[in-house]
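> Sequence and predicted model, in that order:
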Amino acid sequence: MIKWGMVIDLKKCIGCYTCMVTCKQEHYLPPGIFWTRLLVSETGEYPQVTNHVYPVLCNHCKEAVCVKVCPSEATLQREDGIVHIDYDKCVGCRYCMIACPYQQRTFYSDGKKGYFPGQGLTELEVIGKELYPLQPGTVVKCNFCKEKIDEGIRKGLKPGIDREATPACVNNCPTKARYFGDLNDMKSKVSVLIRQRKGFQLHPEFGTEPSVYYVD
Amino acid sequence: MRSYEWMVEYTPQTEWIERRGILIWLAEVSNGIGGGLYLVSLYFNSLFGMFLSWLIVILLKGGFHFAYLGKPMRFWRLALNPRTSWLSRGFIFLGLFIVLGAIQLALSYWLPGTALEFLFKVIAGLMVFLVVINSGFVMNYVNAIPLWNSAILPLLFLSCGVLDGFAFILTIGLFGGSVDMVAAEAGSRSLLLISGFIIIIYLWGATYMGPTGKRSVVEIIKGQIAPILWIGVILCGIIIPISISIFSYFVGEASVPLLITAVICEMVGAFSLKYTILRNALYTPLIPTRS
């Protein structure tokens, strides 16, 4: 059974925010909504200071707490591990947002809000609403570009290897810091990286078993 | 909180307390008051109290929750996942309480003292008990927020809800309702002490829920909105009502203005307690930080 996952190489990540921008482009995300983010912090004291840059996104947890708490069965987990939201079922109670320890969900409240306030929606924003219709009043989050994965597999392509079947943030990372593949395939690049470079998850103590790993 | 501090520092939940989230706060308070009053009214056999609390639960608790939903017309979908979701279970308990409570009220009005009325009183009482305690479980299930992830929380909500119920039943008694005021005052007095004790145990326990839990408690006690705890919860919610209660215990019967003051203070305490718990719910930073 396939289980999609991602590995982010923190040594390669330069904190350029391309993943954030490319995700917004890919899904035509409205203002204020990000499905992937970059967290930056510092530890230590001068002159021994360490800068930490962590790209974060929905972890598509194996034990996804958002799936469990969703009262309307709008948050679903596929057999390949991808956690996604059925916007037609979401009631907008936001219990999933509260329960997610990684805070990777956003409430999409205003469907009329555009990037240029007072000037209406641009042509691109209008097209985006048709191509990627989000519903105001529902919760949204990263879906590992599942439409690309599904379409790619239908065409006989391999997600993580063939660009057409690979999430946009992985494709467009200029330093190739992101890897995507099958965590259950011991020979996949992601599995090898996790094994060889001691991949770790963010806060495994929450017990959600994230599918996004980090190597440094 | 500045955007670059989000999940880098301790980050408070905002969805259930800021902007429209205020509705959740109001719903939680209504839940305690309505449910607690129903339980207390059952004990004192106050039909007016039961009816009032039934209305509070439907119109205020239900109404605020309904208004909060992003897609309110899909509210019925809330019942679809009782297997794993406490919110779903709560919605079902609420629905059952509304129906069974209505039957019980009708029986208490038209067929008082019958076995059927007693049976429905027990069932409706059980349902409202589940409604009150469920909101504690909804929050207690969230292990991402250590302040909420405490087994004491449902108990705290229950005791405070029943305490609010006593405050309301005293008010009903003051305005001519058939309520045993001495028993109501005694119950209120006991619950004030019990609730105060549970609040202390709850906060003390939260300090053992890791650094995030400890930080939440520090924010509650010393943070920017600490006056809400000290003035709202401790002074208004506990010290003033208990002082009036002890005074009335020794004097024999407190004056009406004093009792009204105690009831108003208890209400302030109810609002403050829920606000404090919702407002200081912190998430653990995702990445290494100085804090």
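Received the coordinates, thanks.
> can we go C-alpha only for contacts and neighbour counts from here?
Noted.
> And the contacts of the helix or strand bottoming out on mean pLDDT in chain A?
Within chain A, no helix or strand scores below helix A:123-131, which has a mean of 90 by mean pLDDT, DSSP states H and E. Outside helix A:123-131, the residues within contact range by CA atoms under 8 Å, 6 or more residues apart in numbering or on different chains are A:27, A:28, A:114.
> how about the strands of chain A, start to end?
A:4-9, A:36-45, A:48-57, A:75-77, A:83-85, A:106-108, A:138-140, A:178-182, A:212-215 (DSSP state E).
> Sorry, slip of the keys, the one I care about is the stretch 1-150 of chain B.
B:11-12 (DSSP state E, counting those that start in this stretch).
> residue ranges of the helices in chain A, please?
A:18-27, A:65-69, A:95-99, A:123-131, A:146-154, A:168-172, A:189-196 (DSSP state H).
> which of those has the lowest average pLDDT?
Note on the helices of chain A: lowest mean pLDDT is at helix A:123-131, with a mean of 90.
> How about residue 164: what's its closest non-neighbour residue?
No chain was given, so I picked chain A. Once flanking residues are discounted, residue A:164 sits nearest to residue A:152: 6.1 Å by CA to CA, 6 or more residues apart in numbering or on different chains.
> My question was about chain B, not that one.
Excluding the flanking residues, the one nearest residue B:164 by CA to CA, 6+ apart is residue B:33, at 5.2 Å.
> who are the neighbours in contact with that neighbour?
B:53, B:56, B:161, B:162, B:164, B:165.
> Only the buried residues of stretch B:146-155, if you could.
Within stretch B:146-155, the residues scored as buried using 16 or more other CA atoms under 10 Å in any protein chain shown are B:146, B:147, B:148, B:149, B:150, B:152, B:153, B:154, B:155.
> wait, doesn't the fourth one sit right on residue B:136?
No: taking CA atoms under 8 Å as the definition, residue B:149 is not a contact partner of residue B:136, at 9.6 Å.
> related to what we said a few turns ago, which of the contacts of residue B:33 sits closest to chain A?
residue B:56 (20.8 Å; CA to the nearest CA).
> so how far is residue A:160 from that closest one?
Separation of residue B:56 from residue A:160 (CA to CA, to the nearest Å): 55 Å.
> for the residue in the stretch 101-250 of chain B that chain A sits nearest to, what are its contacts?
Of all residues in the stretch 101-250 of chain B, residue B:144 sits closest to chain A, at 4.6 Å by CA to the nearest CA. By CA under 8 Å, 6+ apart, the residues touching residue B:144 are A:99, A:100, A:101, A:206, B:283, B:284.
> Tabulate the residues you listed in JSON lines, adding columns for distance to residue A:136.
Putting the contacts of residue B:144 into JSON lines (distance: CA to CA, whole Å) gives the following:
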{"residue": "A:99", "distance to residue A:136": "21"}
{"residue": "A:100", "distance to residue A:136": "20"}
{"residue": "A:101", "distance to residue A:136": "23"}
{"residue": "A:206", "distance to residue A:136": "30"}
{"residue": "B:283", "distance to residue A:136": "26"}
{"residue": "B:284", "distance to residue A:136": "29"}
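> Nice, that's everything, thank you.
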